[in-house]
Structure formats: C-alpha cells, structure tokens
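> okay, sequence plus prediction incoming.
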Amino acid sequence: MKYLSFLRANLLRNKLRFALTVIGISVAAFLFCFLESVVQVFNSTGDLAGSERLVVRNDVSLVQPLPIAYREKPARIPGVEDVSWASWFGGTWEADRDEYFGQFAVDPESYLRVSPKIELPADQKKAFFEDRQGCILGSNLAVRLGKKVGDPIVLKGTIYPGRWEFNVRGIYTGKDRSVDVNTMFFHWDSLDQSRPDQQQGLVGIYYLLLDDPDQAAVVSERVDAAFENSAYETRTETEKAFVLGFVSMWGNVALLLRSIGGAVVFTIFMVVANTMMMSARERTKEVGILKTIGFPNRTVASLYVVEGIVIAVLGGVLGCLLAGGAAKGMASQSQQFIPGGMQISLSAIGISLGLCLLTGIISGLIPAILAARLSIVNALQRV
C-alpha cells in the first residue's frame, strides 16, 4: 500500500501533463481500435455469405447482362436444385435522395425459393406475389424509411430513368446475420416490360441453389461449360467467392487504414516516452533520496515501469470505450453497408490494449533503467 501512495503522488505530480498524456493515448487507442474493427468487419463480410448458392454472371464484366433464356440450361445441370435471377436497379428514394439502400428486381417466387434464409410471413408473401407493383423491404430498411406493410414507396430511377411507384407488401427478416435486411426487392417483370424492346429479356445475375454445397466447384464448371463459346459466356462462383471479390477491391484501403493506425500508435509512443523521460529528470534528486534510505534499484526501476503501464492502460481503456460508443452511435447508418452494423471486435480491443500495455512498458522501462544505474552521489548533485 505504501507503494500505491507513492505511485499516485508521482502520477498526479503534474495533473495537466498526466491528463494530456492519458488523452493522447486514448486518441491513439480509439483510432487504432476503430480502424482495425472496420478492416475486420469488411474482411469478415465474405464469411457471412454462404456456399450453398452459386452466382452466375457475364464473364466479361458484372455490368454486362445475361439473357433471360439462360435460366433453362442451369436448371437441367445435375446438382442444381433451383434457379432464379436478379437485376440491380440503382434508384434513389424520392423522399430522401441521400438515404442509400440496395434495390433488386427479382422473380419473386423463385428468388425466395433459392433464398431459404429469408423469412417472410405467408400472407405477405402471397400479397407480394400477386401485386406486380409490390415490393418487400428488409426489417432494418423498413425501420430506417419508416415504412410498414401497405405503405407506398417511390424511387427515382438512375439507370432506368423515371418515377417508380411501389407498394410495400412485406417486411422480411433473416434466419441469421448472413441475410441482408437493408435491401428492397420488387418484380423483375415490372422492370423488364418498362424497358425499350432492345433492352428487354436481360438480367444481371443468376442464383443457383445447390443440392450439395460440396459440389459447388464441379457444378460451376458444368455451368460455364454449358455457355462456352456463346455470345454471353459466363463466370460461375459461390456466393461467398462473389462477395469476397468485392471485398478484395478495397485491399489497398485496408492497408492504408492499418498504416494510419500504426503511425498514430508509434507517434503516441514517442510522446509518452518523452513525457516519462521528462518526469524522470524532474525526480532525479528523489531517486537519490530513495536509494539513500534503502530502496533497492529494482524497486526504484519498477515504480517507473508501473507508472508507465498505468498511464498507458488508462488511456487504452478510455480509447476502446470511445470506439465502442462511436460504433454504437453509427450502428443504424452502417447497417446499410454492413450486415449487423458496425461493431468493435474483441480482437481489435485486445490488440489495442496490448499495444497500449507495450507502450507503457517500453516508455517506463527507459527511465527505469537510467534511474537504476544512477548513483546516489550523482543523483543528489542534480537539483
């Protein structure tokens, strides 16, 4: 207990410097923890996608379409249980053009069959099937837009110009986090018949539900072989691989975020080390007095190390709490891009606290070694 009193007195010797140092470390911990969580969330997005569905797209580019007639061949390939299709709409909500969410034109019945994790009440499903202007919204999206079953929703087309009116016929949920509940689905027929004749009969991608996910590679090869040397050659992959393809596009961004986090941590480490050295220089005479009254070098050195650890850990804990609060504050906005919303991962917290602890140990170790090596005579000579 006597050491605790001594430690507290040293920490609060200069209250302003102590507070600023803790705040500096907390800022570094906050940035590192938050940025690392962002990287991990996006890297784990592909893990949420399943392997029981295949995605078939144009081999040239994702923006190139495929003919609707292609739906027949995959259905006859062994291992394919069901086939559906979808086209990206890309409109904006008329009530608030800054409110972004995905919209897909799908074949309602087959799409829900190949998406068994989507849960939609039977009466809402029936209403959706029967209303050509009907649509369904994910549960999170419905809350964000303030929509309920029976409400109208109007989109302004970008890829497909015009004013598009829909009726909300259902609000779906998901059996697990892999289901995106921030998306709108409506009838592909409604979109197709509104397009010019030369653009009709084209879809964006096909979804294939497999009998056995372990046969995904074999079935993918069969599908692509079926359309080889055709006007629209295909590229077939699991939905997980399809999602990871998008994630890989931001690989340089992930490196940049981690570089920023690392640079901030290193900078704060240098600041903390300099602060500890200043504090040690101010207490040189006190070190001599401690040694004179019988304190061994090990004890004197330990006091500096513990002091550095306390400052760093306090800042680290505060920074992680701030990161958690920031993630919680932006949860609703981030759900439109990330299934389940932005979350601070335990591994990011652990890494952040570990770096803070390491920073405290190293920054306290340097003055500790100098203090241990300092002779009593030299210490008492410095006033």
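Here it is on my side, so go on. Residues are numbered from 1 along each chain as shown.

> tell me the SS of residue 78?
coil (DSSP: H, G, I helix; E, B strand; the rest coil).

> residue 226 is in contact with that one, correct?
No: Residue 78 is beyond contact range of residue 226, at 11.6 Å (criterion: Cβ atoms under 8 Å). Heads up, the C-betas are built off the backbone N, CA and C, glycines and all.

> which one of those two is surrounded by more residues?
It is residue 226, of residue 78 and residue 226, that has more neighbours when counted by other Cβ atoms under 10 Å, with 15 against 9.

> skipping its backbone neighbours, what lies nearest that one in space?
residue 73 (4.9 Å; Cβ to Cβ, 6 or more residues apart in numbering).

> the one you found: which element?
Assessed by DSSP states H and E, residue 73 sits inside helix 72-76.

> in CSV, list the C-alpha atoms belonging to stretch 84-91.
Extracted in CSV, the C-alpha atoms of stretch 84-91 (Å, rounded to 0.1, in the frame of the first residue of the first chain):
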residue,chain,number,x,y,z
SER,A,84,-33.5,-17.5,-60.0
TRP,A,85,-32.3,-14.2,-61.2
ALA,A,86,-31.9,-10.6,-60.2
SER,A,87,-31.1,-7.2,-61.7
TRP,A,88,-29.6,-4.2,-59.9
PHE,A,89,-32.0,-1.2,-60.1
GLY,A,90,-29.9,1.6,-58.6
GLY,A,91,-32.6,4.2,-57.9
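
> so which bits of that stretch are buried?
Buried residues in stretch 84-91, counted by 16 or more other Cβ atoms under 10 Å: 84, 85, 86, 87, 89, 91.

> now do it: everything it contacts.
Here stretch 84-91 makes contact (Cβ atoms under 8 Å, 6 or more residues apart in numbering) with 65, 68, 71, 102-107, 110-111, 113-115, 155-160, 164, 186, 188, 191, 202-207, 209.

> same question for stretch 104-124.
Here stretch 104-124 makes contact (Cβ under 8 Å, 6+ apart) with 50, 53, 82-89, 125, 128-129, 136, 149, 169-176, 178-179, 183-192, 207-209.

> select only the buried ones of these in ChimeraX?
Per 16+ other Cβ under 10 Å, the buried members of these correspond to this ChimeraX selection:
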select :50,53,82,83,84,85,86,87,89,125,128,136,149,169,170,171,172,174,178,179,183,184,185,186,187,188,190,191,192,207,208,209
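
> now, the contacts of stretch 104-124 that are in strands?
Counting by DSSP state E, the part of these found in strands is 53, 82-88, 136, 169-174, 183-187, 207-209.

> okay, stretch 137-146 in CSV with CA atoms only?
Extracted C-alpha coordinates of stretch 137-146, given in CSV (Å, rounded to 0.1, in the frame of the first residue of the first chain):
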residue,chain,number,x,y,z
LEU,A,137,-38.3,-4.4,-47.6
GLY,A,138,-35.7,-5.8,-45.1
SER,A,139,-36.6,-5.2,-41.5
ASN,A,140,-33.8,-2.7,-40.9
LEU,A,141,-34.6,-0.9,-44.0
ALA,A,142,-38.3,-0.6,-43.1
VAL,A,143,-37.4,1.0,-39.8
ARG,A,144,-34.9,3.4,-41.4
LEU,A,145,-37.5,4.5,-44.0
GLY,A,146,-40.4,4.5,-41.5
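
> got a list of contacts for it?
93, 95, 99, 101, 147-148, 153, 168, 170-174, 179-184, 332, 335-336.

> which element follows the worst-scoring helix or strand of the chain on mean pLDDT toward the C-terminus?
None of the helices or strands of the chain scores lower by mean pLDDT, DSSP states H and E than helix 331-334, at a mean of 54. As assigned by DSSP H and E, the chain's next helix or strand after helix 331-334 is helix 346-373.

> show me just the buried residues among the contacts of stretch 84-91.
The neighbour count (16+ other Cβ under 10 Å) marks 65, 68, 71, 102-107, 110-111, 113-115, 155, 157, 160, 164, 186, 188, 191, 202-207, 209 as buried among these.

> where does pLDDT dip in the stretch 201-350 of the chain?
Counting by pLDDT under 70, the stretch 201-350 of the chain contains low-confidence ranges at 244-255, 279-291, 293-294, 297, 300, 329-342.

> re earlier: of the contacts of stretch 84-91, which belong to helices?
110, 111, 113, 188, 191 (DSSP state H).

> for the fourth one, give me its contacts.
Shown here is residue 188, whose contacts under the criterion Cβ under 8 Å, 6+ apart are 85, 86, 87, 105, 106, 107, 203.

> from the residues you listed, which is closest to residue 17?
Nearest to residue 17 among the contacts of residue 188: residue 86, at 59.6 Å, using Cβ to Cβ.

> against residue 196, how distant is the closest one?
Taking Cβ to Cβ, to the nearest Å as the measure, residue 86 falls 20 Å from residue 196.

> same question for residue 150.
Shown here: residue 150 relative to residue 196, a distance of 32 Å by Cβ to Cβ.

> with neighbour numbers in mind, choose between these two.
Taking neighbours as other Cβ under 10 Å, residue 150 and residue 196 compare with residue 150 leading, 9 against 6.

> for the closest residue to the more buried one other than its chain neighbours, give its distance to residue 145.
In this structure, residue 150 finds its nearest non-sequential neighbour in residue 168, 6.5 Å apart by Cβ to Cβ, 6+ apart. According to Cβ to Cβ, residue 168 stands 9 Å off from residue 145.

> shared neighbours, the two?
When contacts are counted by Cβ under 8 Å, 6+ apart, residue 168 and residue 145 are jointly contacted by 137, 153.
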